[in-house]
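Asks: heads up, no residue letters with this:
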């Protein structure tokens, strides 16, 4: 389904979730945004919130859709009663309607339909059964499904993000929905926390904590909150990165020589040294196929990104442009690398096509850090400074769509769930 | 049935959409900590507490729960929306919503170096890290941008600490390296490490045994100056000498 519409580059959308502590501000949008209207769902279950608000918010903030005001219209009882012509007349090319019905055991069933108002055809119809508390998550999944139907590629509304919130005298590792709602503190500490890294199955987080007056790598189980120190060697322990199999971590240790990368077997606790030489080696990350480890090293005189073959360890330099390229992150298909590139004393998120080495700077912010890909590979989440305060932001891999997530705190070190 | 479209809907579902829903909703495969707390290995009392906590956590805004002032590290499981949900993988999970055991920051408990029994000696005062008149109160070594080289001005400072450590074999120091805020946190951690190792080497060359030294880094996480300019950055590129127990 192809829409051809030229819409203004900037989109102002008042979020229906403006009561929440964190809000999302769109600072740029796609040139061709699809006009969509989401009718209020007919909610026949008590205590159930209308998914339409979350779906509209998700689609609206993505920068790919222009939300056409539904003017309070409620979904008809049957899709046959839906007047697509009316909504086409109001400028919508796609229409979403749905119902929330009571189901057994206090659960609710959510049904939604997606229509092409131009061709007068149905594009999708799905049903989900969940608890009233699970409605928000289902709403994000519906937004994902609509995004995929209309744009031909998956949405990234239903994943989770981890990040560090700095409060006065306290650091909190939090996990939230991708729209930054539903934040839960999984670890709080009076000492700094950095470098959260999701396990490939999304059930654990590795991170660095300074609670022992030095950096120590912990792995925490998200289900029950239990955790253990997995690297507490003499010196500093940092920069955890999961192997694709989830059984080992790469970590940066200084126990033998200055910061070098080791492979840590999580079952045995054994650390095997991987990089050698007196240069700083850190920020390891694995390609999804497990054949390469990308990392930052100053072995060439300035910090640059290198890759080492696995298991052999043959090293090749990856970045050449500029004197400071750090914090590599790989797209889920392994074809694109996001990283931080310094230009004229400013730190920007950049991407490199690993096939041809082409580099593109994506942001115009100044103190960008910690880029991380969404699971759909289309968005990059990163941290930056605005008025001296840490905020989280996303940028599409083509640099065209940007969002900023802000909260009344200092946020840093974001990581998108794989 | 109020919704005659149900048959149509089912047909669409069976047609093989990627997001095929199941009876108990695909959403539930994301549920965390969904096991019955009583089945956990924990004691019954702990399970009861955990259940209460889970209920409380569900009821309260999680941010408020998290905002409780605490001096120690606290961890928390993530509460699934539905406490009745069955785990799909059958793996055991701990009590949901339970706080993990607080883990105290493990500062060394060894006696402070100044109490190591040097009373009666002429230079005891001058070699007491706690005495304000002692050269040992100077603990901070600053570095140039992108450098871990120790400037000449710190030679006597390092010699004083080496002298003390050579005399007090039980005393240990932790050398904390720091970097300014610019750039990657992890790379800055490595830069800070290089600065603490530089001081480590200097003390080693003065004869201090490895057993009395540890070099670690705080990267950019603990600035002494909060500004965002060269004046602040200059103060923050440093190594701090901390005696064990401090």
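Replies: In hand now; what should we look at? Everything numeric in this text was worked out from a predicted model, so none of it was measured. Numbers count the residues shown, from 1 in each chain, chains lettered A, B, ... in the order given.

Asks: okay, residue B:6: pLDDT?
Replies: On the pLDDT scale, residue B:6 is placed at 47.

Asks: now swap in residue A:170 and tell me
Replies: Model confidence at residue A:170 (pLDDT) stands at 95.

Asks: Give the bridge partners for it, please.
Replies: For residue A:170, the beta-bridge partners are residue A:167 (DSSP bridges).

Asks: neighbours around it, how many?
Replies: When neighbours are counted by other CB atoms under 10 Å in any protein chain shown, residue A:170 registers 19. The C-beta positions use only the backbone N, C-alpha and C, and glycine is treated the same way.

Asks: near chain B at all, stretch A:70-85?
Replies: Yes - counting by CB under 8 Å from any CB of the partner chain, chain B has neighbours in stretch A:70-85: A:77-80.

Asks: What mean pLDDT does that stretch get?
Replies: For stretch A:70-85, the per-residue pLDDT averages 92.

Asks: ok, residues contacting it?
Replies: A:37-42, A:52, A:95, A:97-99, A:113, A:115, A:117, A:120, A:122, A:125, B:2-5 (CB atoms under 8 Å, 6 or more residues apart in numbering or on different chains).

Asks: For chain A, which segments count as helices?
Replies: Counting by DSSP state H, the segments of chain A that form helices are A:51-61, A:84-89, A:135-151.

Asks: how about the ones you listed, which one is nearest residue A:315?
Replies: For residue A:315, the closest of the helices of chain A is helix A:135-151, at 38.6 Å, according to CB to CB.

Asks: now check that closest one, is it near chain B?
Replies: Yes - for helix A:135-151 and chain B, the contact criterion (CB under 8 Å from any CB) is met by A:137-138, A:141, A:144-145, A:148.

Asks: Reformat those residues as JSON lines; add pLDDT and neighbour count.
Replies: Formatted as JSON lines, the residues of helix A:135-151 next to chain B follow (pLDDT from 0 to 100; neighbours: other CB atoms under 10 Å in any protein chain shown):
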{"residue": "A:137", "pLDDT": "91", "neighbour count": "24"}
{"residue": "A:138", "pLDDT": "94", "neighbour count": "27"}
{"residue": "A:141", "pLDDT": "94", "neighbour count": "26"}
{"residue": "A:144", "pLDDT": "95", "neighbour count": "22"}
{"residue": "A:145", "pLDDT": "95", "neighbour count": "25"}
{"residue": "A:148", "pLDDT": "94", "neighbour count": "17"}
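
Asks: from those residues, which is closest to residue A:389?
Replies: Scanning the residues of helix A:135-151 next to chain B for proximity to residue A:389, where the rule is CB to CB, the winner is residue A:137, at 29.3 Å.

Asks: Quick check: that closest one vs residue A:159, distance?
Replies: If you measure residue A:137 against residue A:159 using CB to CB, to the nearest Å, the figure is 11 Å.

Asks: Apart from its neighbours in sequence, what residue is nearest whichever residue of the stretch 301-418 of chain A sits closest to chain B?
Replies: Nearest to chain B in the stretch 301-418 of chain A, going by CB to the nearest CB, is residue A:326, at a distance of 4.2 Å. Using CB to CB, 6 or more residues apart in numbering or on different chains and skipping residues adjacent in sequence, the residue nearest residue A:326 is residue B:184, 4.2 Å away.

Asks: List the contacts of that neighbour.
Replies: Neighbour list for residue B:184: A:283, A:296, A:303, A:326-327, A:340, A:369-370 [criterion: CB under 8 Å, 6+ apart].

Asks: ok, now with 10 Å
Replies: A:239, A:282-283, A:296, A:303, A:324-327, A:339-340, A:342, A:347, A:368-370, B:190-191, B:219-220 (CB atoms under 10 Å, 6 or more residues apart in numbering or on different chains).

Asks: Tell me the first helix or strand C-terminal of the longest helix anywhere in chain B.
Replies: If you go by DSSP H, chain B has its longest helix at helix B:185-205. Counting by DSSP states H and E, the next helix or strand C-terminal to helix B:185-205 is strand B:213-219.
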